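predicted structure and sequence below. I'll ask about it afterward.
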Amino acid sequence: MDFEYWRHYARASLWQFLEREEKAFAEYLIAVRRQPDDLRSARHLACIAAGQQRHALAEKWFSECLRLAPDDADTHYNHGFVLEQAGRSLAAIDAFSEALRRKPALDCAWYGMGLAHARLGQHAAAAEAFARAVELQPLHGEACYLWGMACHRAQRHPDFERVVERLAGFDPRLAARLVREAGRQDDLGPLLPEMPF
């Protein structure tokens, strides 16, 4: 047993618990240097870097995690999330696709894929991805709203109207915002319930 490794890993965990991310990062880095195949420390390093929006560093550590656990769907999703945050939408789509190949019901990966397609102006593909996210999480208001916007931008008007009706059923304020931002108050306003506030 490598007691030095465990000492640094324990210190890192303590610093992380105390929300001292830089100190935790330094200790996890020592731990992973002592045991290069240490997936736990690599995951912590990736997550700390992602939380600090140090995208290149987070991408490096998520890539290392994927080297150690290539079939982990959640790690592929997290890698995609970091890539999307860094503005690398095509690479993010690839990462989300890998996550979904391993875990098709991973709603957050469908959502991330929708964001990446929307950023690229691929509104029909974004609509499909957001629709899958909503299918898996029916009350995810933001996903439903983004699905509607993607349908609007892809000029899929019947789909847009169905999304407005659906969203109005559980989040009328967000449905009203969707209709307003699409400039469809005149024809779709009657679909929205009267709100007392």
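Ah, there it is. Residues are numbered from 1 along each chain as shown.

can you tell me how far the most centrally placed residue in the chain is from Val164?
Centroid check for the chain by C-alpha atoms, centre = their mean gives Gly112 as the closest residue, at 4.4 Å. From Gly112 over to Val164 the distance is 24 Å, taken as C-beta to C-beta, to the nearest Å. For the C-beta atoms, the positions are set from N, CA and C on the backbone; glycine is no exception.

name the spans of this protein whose pLDDT lies under the cut-off.
1, 194-197 (pLDDT under 70).

quick one, helices of this structure?
3-17, 21-34, 39-51, 55-68, 73-85, 89-102, 107-119, 123-136, 141-153, 157-170, 172-181, 185-188 (DSSP state H).

let me know the angle separating the fourth one from helix 89-102.
Helix 55-68 and helix 89-102 meet at an angle of 30 degrees, taking axes from the mean of the first three to the mean of the last three C-alpha atoms, to 10 degrees as the criterion.

from the chain's centre, how far out does helix 55-68 sit?
Here helix 55-68 is found 16 Å from its chain centre; the criterion is C-alpha atoms, centre = their mean, to the nearest Å.

need the contact partners of it.
37, 39, 42-43, 45-47, 49-50, 72, 75-76, 78-79, 82-83, 85-86 (C-beta atoms under 8 Å, 6 or more residues apart in numbering).
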